[in-house]
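J.: Turn this into a model:
(chains A and B, ligands or ions: 1)
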Amino acid sequence: MNFSNYYGRLFDRIYVTSDVTEHPATIRATERLKSLPLHVIGTKKDIPSEHRNSRSLFVTSPVGNTVDRCPGTRGHLCCNYLTIDLYIGCGIGCSYCILQDYLNFSPITVYVDTRPVIERVKRLARINSDGVIRIGTGEVGDSLLYDPLFEISGELVKSFSGLDNVYFELKTKTDFVDHLLDINNKGNAVIGFSLNPQGVVTGEEGTAALIERRLEAAERAVEAGYLVSFHFDPIFRYDEWQREYFDLIDSIEERYRIPQDKIAWISMGTFRYTPELKDKAEERKIFLEEFVPSRDRKFRYIQKVRSRIYSSIRQRIEEHYPDVPIYMCMESDTLWNNVFGNNPYEIPKLSDIFKPVRGL
Amino acid sequence: MVMEAETKIELRSVRELEYLDRSLDIYTHSRTSEIHPDIIRKRLYPPVVVTDKRIVWGFGIIRSARHLGEELLLCNKTGEEGMFEALKLSLELENRPRKYSWFEKVRIVKLSSGKNQLDEIGNLVEGKDDPEWYKRVLLFESLPETLQHLVEEEKLDLKTANDVKGLPPGVFDTIAEGKITFSQRRIILRLLKEIAKRDELGDKAVLETLKSAMKHKDPVSYVERLRYPELTGMRERFDSLYKKYLSGSKIRLYPPPYFEGSDFTLQFNFSGKRNFEKKIEYLEKLKGVIDEFLELLR
Ligand code: SF4
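T.: Have a look, this model is predicted:
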């Protein structure tokens, strides 16, 4: 990968706090971006306001809770996923990205010092030795977009590899997996790919990788010994939605060597948005379907419509992968009953991964 | 060093002023006609600010004088470089914050140069420190003329006007003529915009849609049905089921808001045993068909 070409186009400058200038990940990244001006600063406050945007890369050490519960959402069932803040912010630029709302006026932030995270996860693994912990870095940014620069995810994969009950997931819309393939001990690491029909990707997912490239990357990851996961999220409804999603689902088994026992889980989530996001992206057609407000203030397709979408996608996936756990992200118990006939805590394939984590 | 611009107080004829500036009638404000005749007759108003080329401020006073048949008006003649200071003085003397029309505010913004002057004068216009005030004025100025008038006449808010300004201009004339409330106007325009975008309607089709809506007995529901056909269909289905099974029962049945969730709410009052039994009969009947209602949530 030609780093200065690719990432040089994404950033105009780098800010590094003085406590991490000597960190190997900082050195790797700054070496690879030699052409960009580098400023060493005390704290984030030292970044001039005109540079507090996604054209600035801010490298620092984590503050506060670096491992937390996925925020879930009011009135919706939580899948008890844990999140690690590692890369905060994202330059892919999806039109529907909720981060636009949360992270406006922030530089792309990278927490290079992973020691506190590793310690915390090891402790949680001990406390929850009777259950499974799912944890990932893709909540507030793409897990792998900036990872070839810093190579931090590999450190985490190695560190968690000995923890049998920890499934560490890297969620991405890129195909940047090659720097992770040679790691010897992968444990239960999962590389998660967000999937949408190519038309949606082209129209709504900014500079994300083509679907074909993501699935080829999934194939390489499986070949190298990783588990993979797929996230049909957000699912959009449009004239041809069903045919296009079905074609995509069919193509995974038909065209790529990804056996079902290598798929850790598959999630589904229909498109949802905050009122603030709508204000920003109002001109886009995807917001002009029929949406209604849910209990968490987000807008979603009408419940009956969501039930139909989820049921048909679930059925199609199960035709190919009957044993893979499939779940819905941020959905209500009514929807669980409509689509699965039960709540996830009572579904044997899902109860393990939905079990609440203790010790946080 | 601040240069004091040269100013001169003099009497000028109203006709001459009318001739000087053709924009006289644009800068209306709601209180024009309320200027007390004595204020004009006794010359108790802030002098009209003029330069050699234009009237800077005092349009309402000129109009009132014209209306009262006054021939001469007190004017403050200044050079172009002294316009801002003279304007500020006039606004101070007028002391009518929050009462300026949008068109007047456009004039004020145009006569102020740079952020400092806009901040300085903002308080006189809005009655409070509001660093963003002139941005709203510029937004107003960017609207098509018909929309400007709707906002000026308080028939539409600025935000909605700005949101819907891409609709064909004929739409605004049609909506202005309709006898509908402020909030109905907002809803109709917003929904119309979304329908136009979703269905990729041309200008003519948008206008036709609005005209049909305005002819309808309930224009808002007409447009809502076009924008939310599925949801409206569900509401209608619910209403027809209710009518079929519970009409006349005085039992109230509510679906969850937007058919989102799992709980229907049932309410009834009863008086005496016979009446109670009657309600139970209705509910018994409902039991057999309840799936038809539940289907709306699945
Ligand atoms: S990849 Fe994810 S984080 Fe990045 S812009 Fe798209 S939705 Fe947002």
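J.: Identify the residue nearest A:Pro359 in space, chain neighbours excluded?
T.: No Pro there; residue A:359 is Gly. A:Ile127 (3.8 Å; C-beta to C-beta, 6 or more residues apart in numbering or on different chains). The way it works is simple: take the backbone N, C-alpha and C, and place the C-beta from them, glycine included.
J.: quick one: that neighbour from B:Leu192, how far?
T.: A:Ile127 sits 57 Å away from B:Leu192, going by C-beta to C-beta, to the nearest Å.
J.: Of these two, give the one with the bigger neighbour count.
T.: It is B:Leu192, of A:Ile127 and B:Leu192, that has more neighbours when counted by other C-beta atoms under 10 Å in any protein chain shown, with 23 against 14.
J.: So that one is in contact with B:Val206, correct?
T.: Yes. Judged on C-beta atoms under 8 Å, B:Leu192 makes contact with B:Val206 at a distance of 6.6 Å.
J.: Using neighbour counts, pick out the buried residues of stretch A:170-179.
T.: Along stretch A:170-179, these residues count as buried under the neighbour rule (16 or more other C-beta atoms under 10 Å in any protein chain shown): A:170-177, A:179.
J.: could I get those as TSV with distance to chain B?
T.: As requested, the buried residues of stretch A:170-179 are exported to TSV (distance: C-beta to the nearest C-beta, whole Å):
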residue	distance to chain B
A:Leu170	34
A:Lys171	28
A:Thr172	32
A:Lys173	26
A:Thr174	31
A:Asp175	33
A:Phe176	35
A:Val177	38
A:His179	42
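J.: re earlier: mind listing the shared neighbours of B:Leu192 and B:Val206?
T.: Counting by C-beta atoms under 8 Å, 6 or more residues apart in numbering or on different chains, the common neighbours of B:Leu192 and B:Val206 are B:167, B:171.
J.: Determine how far the longest helix seen in chain A lies from the middle of the whole chain.
T.: Taking DSSP state H as the criterion, chain A has its longest helix at helix A:303-320. Centre-to-centre, helix A:303-320 and its host chain are 22 Å apart (C-alpha atoms, centre = their mean, to the nearest Å).
J.: Same check on stretch B:76-95?
T.: On the basis of C-alpha atoms, centre = their mean, the separation between the geometric centre of stretch B:76-95 and that of its chain is 30 Å.
J.: List the contacts of that stretch.
T.: By C-beta under 8 Å, 6+ apart, stretch B:76-95 touches B:3, B:5-10, B:12, B:46-51, B:53, B:56-58, B:108, B:111-113, B:117, B:120-121, B:124-125.
J.: list the buried ones in it?
T.: Applying a neighbour-count criterion of 16+ other C-beta under 10 Å, the buried positions in stretch B:76-95 are B:76-78, B:82-91, B:94.
J.: Now go through those and say which are in helices.
T.: When DSSP H is applied, the buried residues of stretch B:76-95 are split such that B:83-91, B:94 fall in helices.
J.: Could you tell me which residues of the stretch 101-250 of chain A lie near the ligand?
T.: A:141-142, A:173 (C-beta under 6 Å from any ligand atom).
J.: from the residues you listed, which ones fall inside helices?
T.: Residues from those lying in helices, with DSSP H as the criterion: none.
J.: Quick check: of the ones in helices among the buried residues of stretch B:76-95, which lies closest to the ligand?
T.: Here the nearest of those to the ligand, counting by C-beta to the nearest ligand atom, is B:Phe84; it sits at 46.3 Å.
J.: Tell me how far that closest one lies from B:Arg12.
T.: Taking C-beta to C-beta as the measure, B:Phe84 and B:Arg12 are separated by 21 Å.
J.: all helices of chain A, in order?
T.: In order along the chain, chain A carries the following helices (DSSP H): A:3-10, A:24-32, A:99-102, A:115-127, A:147-150, A:153-160, A:198-204, A:211-223, A:241-255, A:275-281, A:303-320, A:333-340, A:348-351.
J.: looking at those, which has the lowest confidence?
T.: Per-segment confidence across the helices of chain A bottoms out at helix A:99-102, which has a mean of 71 in mean pLDDT.
J.: Quick check: which ranges of the stretch 1-150 of chain B have low pLDDT?
T.: Residue ranges of the stretch 1-150 of chain B with pLDDT under 70: B:1-5, B:26-33.
J.: rerun that using 80 as the cut-off
T.: Judged by pLDDT under 80, the stretch 1-150 of chain B has its weakly predicted residues at B:1-7, B:22-34.
J.: Tell me where it has helices.
T.: Under the criterion DSSP state H, counting those that start in this stretch, the stretch 1-150 of chain B contains helices at B:14-20, B:37-41, B:59-68, B:83-94, B:102-111, B:114-126, B:133-141, B:145-152.
J.: How about the first one, which residues are buried there?
T.: Neighbour counts over helix B:14-20 (16+ other C-beta under 10 Å) mark B:14, B:17-18, B:20 as buried.
J.: What helix or strand is B:Asp173 located in?
T.: Element membership for B:Asp173, per DSSP states H and E: helix B:169-177.
J.: List the buried residues of stretch B:184-198.
T.: Neighbour counts over stretch B:184-198 (16+ other C-beta under 10 Å) mark B:184-197 as buried.
J.: Output it as CSV, restricted to C-alpha atoms.
T.: Listed in CSV are the C-alpha atoms of stretch B:184-198, where the atom choice follows Å, rounded to 0.1, in the frame of the first residue of the first chain:
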residue,chain,number,x,y,z
GLN,B,184,-51.1,23.6,7.8
ARG,B,185,-49.2,25.7,5.3
ARG,B,186,-45.9,24.5,6.8
ILE,B,187,-46.9,20.9,6.7
ILE,B,188,-48.2,21.0,3.2
LEU,B,189,-45.1,22.7,1.8
ARG,B,190,-42.7,20.3,3.5
LEU,B,191,-44.6,17.2,2.5
LEU,B,192,-45.0,18.5,-1.0
LYS,B,193,-41.3,19.1,-1.3
GLU,B,194,-40.6,15.5,-0.2
ILE,B,195,-43.2,14.1,-2.6
ALA,B,196,-41.7,16.1,-5.4
LYS,B,197,-38.2,14.8,-4.6
ARG,B,198,-39.3,11.2,-4.0
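J.: No further questions, thank you.
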